[in-house]
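[1] no FASTA, just this:
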């Protein structure tokens, strides 16, 4: 009797990635986060006119957005986890029920 072996590869990615855990979708999210960081840095520049603090704010926005969008081994990023927590908080948390007698008395 011939044995049929099924080989299921692990770790196969659906989309191409620029580096491990960072693909096109994460790149777009990081660009949006970096733009937000740039706006914050512009506000800091307008308020303080401090070049060093503004440059640190820009670089923190860029690196922070890339780090928050990079997926881990469980295919979850910080942005995904925050979205899941918000979705869970919006879902129904109260489960109405009637307490009946345990023995049917």
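    Great, that's in hand. Note that the structure is a prediction, hence the values are computed from the model and not measured.

[2] ok, longest helix in this protein?
    Ranked by residue count under DSSP state H, the longest helix found in the chain is helix 24-48.

[3] Who are the packing partners of that one?
    helix 51-69 (3 or more CB pairs under 8 Å, 6 or more residues apart in numbering; DSSP states H and E). Heads up, the C-betas are built off the backbone N, CA and C, glycines and all.

[4] mean confidence for the helix it packs on?
    Throughout helix 51-69, pLDDT has a mean value of 91.

[5] Would you mark the buried spots in that helix?
    For helix 51-69, the neighbour count (16 or more other CB atoms under 10 Å) marks 54, 57, 58, 61, 62, 65, 66, 68, 69 as buried.

[6] what does the next helix or strand after that helix contact?
    Proceeding N to C from helix 51-69, the next assigned helix or strand is helix 78-90, under DSSP states H and E. With contact meaning CB atoms under 8 Å, 6 or more residues apart in numbering, helix 78-90 is reached by 29, 67, 68, 69, 71.

[7] what's the offset of helix 78-90 from the middle of its chain?
    Chain-centre distance of helix 78-90: 9 Å, with CA atoms, centre = their mean, to the nearest Å.
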